[in-house]
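Q: kindly generate the corresponding structure for this input.
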Amino acid sequence: MNFDFLPNDILIQLLKNNVDKITEIRLREGFPVILSYDNDRYYLSSDLSKDKSNAVICKKEHIDYIVTKVCEYSVYAYNDKICSGFLTTCDGIRIGLAGECVFNGEDIVTIKNISSLNIRIPHEVSGCCDKFYSNLFNQNTEFLSSLIISPPFCGKTTMLKELALKLNALNQYSILIIDERGEFNKIKGENIDVVKNSNKLYAFQYALRSLSPNIVITDELITQNDWLCVKNAVNSGVKIVASVHARSLDEVCAKNEFIPNLFDRYIVLNSNAVPGVLKGIFNKEYLPL
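A: Numbers count the residues shown, from 1 in each chain. Coordinates of the predicted model:
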């Protein structure tokens, strides 16, 4: 994992630790830098500590350095990404932004005076889908459309990546990944096509025609349009793997934008501190398997 977008004083302290255990770095101007490390919360200092007295304090120049570096020294060129509230590094590290939103009518123009960053560190977890993978196929070994359900930061994207690689290895399907935030940079395969930095509406409309996938993998169904894109694809005979933010299947079904009968499998992850823990898997009739 490449962390060269971090300021040197933060990077030096960070690399004293096992970076494989870091899942999140929080920087808020004027406050200590906080790490999510090994499923716990620590302040960044010469050693990880619950005591913030010696913690590295985030400065405005730290935030400006990170944003400028990730934008390859051309913040203007990355303004569309900034307007979406995040940036993504070449390694697929997603950086959430908080600051002053500038609007023209109902359209956001930019985010200025950025004061907080949430740096989420992706980790490949080999075998994280093993407990339910066989349930994603019918008796004829045909893949079934599947929806992964969990609150934020519980392993949905990690599982989507693992499923993409497993399906690629079957050499049976043409797989399209709609990568809106650049989080699937390292997911490649002879059967995988990736549409990057596109919203779902555009990607579904043109990719279904031009790339003819058997399976589409997409993260985070949020809006009514997202669900309608999935419906149109399913009605065209395409299988879907997607995720949604919720704590349970009941919560998903209660969403205003929810459309029934699109998915054959619902994979619910546990709402605890450990990402990727399976709570249950349900069929099209919402019955547990």
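
Q: and the residue nearest the centre of the protein?
A: In the chain, the centroid-proximal residue (CA atoms, centre = their mean) is T157; its distance is 4.6 Å.

Q: and the helices in this protein?
A: Assigned by DSSP state H, the chain shows helices spanning 8-14, 60-70, 79-83, 156-169, 200-210, 224-235, 249-254.

Q: which one of those helices is the most hemmed in?
A: helix 156-169 (a mean of 21; mean count of other CB atoms under 10 Å). (Each C-beta comes from the backbone N, C-alpha and C, glycine too.)

Q: what about it, average pLDDT?
A: For helix 156-169, the mean per-residue pLDDT is 93.

Q: mind giving me the packing neighbours of that helix?
A: strand 146-150, strand 175-179, strand 215-218, strand 239-245, strand 265-269 (3 or more CB pairs under 8 Å, 6 or more residues apart in numbering; DSSP states H and E).

Q: okay, the angle between that helix and strand 239-245?
A: Interaxial angle, helix 156-169 versus strand 239-245 (axes from the mean of the first three to the mean of the last three CA atoms, to 10 degrees): 170 degrees.

Q: in PDB, could you pull the C-alpha coordinates for helix 156-169?
A: The C-alpha coordinates for helix 156-169 follow below in PDB (Å, rounded to 0.1, in the frame of the first residue of the first chain):
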ATOM      1  CA  LYS A 156     -19.200  -4.800   1.800                       C
ATOM      2  CA  THR A 157     -16.700  -3.500  -0.700                       C
ATOM      3  CA  THR A 158     -14.100  -6.100   0.400                       C
ATOM      4  CA  MET A 159     -16.600  -8.800  -0.300                       C
ATOM      5  CA  LEU A 160     -17.500  -7.400  -3.700                       C
ATOM      6  CA  LYS A 161     -13.900  -7.500  -4.600                       C
ATOM      7  CA  GLU A 162     -13.500 -11.100  -3.500                       C
ATOM      8  CA  LEU A 163     -16.600 -12.100  -5.400                       C
ATOM      9  CA  ALA A 164     -15.300 -10.400  -8.600                       C
ATOM     10  CA  LEU A 165     -12.100 -12.500  -8.400                       C
ATOM     11  CA  LYS A 166     -13.900 -15.700  -7.600                       C
ATOM     12  CA  LEU A 167     -16.300 -15.200 -10.500                       C
ATOM     13  CA  ASN A 168     -13.500 -14.300 -12.800                       C
ATOM     14  CA  ALA A 169     -11.700 -17.600 -11.900                       C
END
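
Q: so for the residue lying closest to I267 once chain neighbours are set aside, what's the pLDDT?
A: Nearest residue to I267 in three dimensions, chain neighbours excluded: I148, at 4.8 Å (CB to CB, 6 or more residues apart in numbering). I148 carries a pLDDT value of 96.

Q: if we can go back for a sec, reformat the helices and strands packed on helix 156-169 as JSON lines; add mean neighbour count and distance to T23.
A: Formatted as JSON lines, the helices and strands packed on helix 156-169 follow (neighbours: other CB atoms under 10 Å; distance: least, CB to CB, whole Å):
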{"stretch": "strand 146-150", "mean neighbour count": "24", "distance to T23": "15"}
{"stretch": "strand 175-179", "mean neighbour count": "24", "distance to T23": "20"}
{"stretch": "strand 215-218", "mean neighbour count": "25", "distance to T23": "22"}
{"stretch": "strand 239-245", "mean neighbour count": "22", "distance to T23": "17"}
{"stretch": "strand 265-269", "mean neighbour count": "23", "distance to T23": "15"}
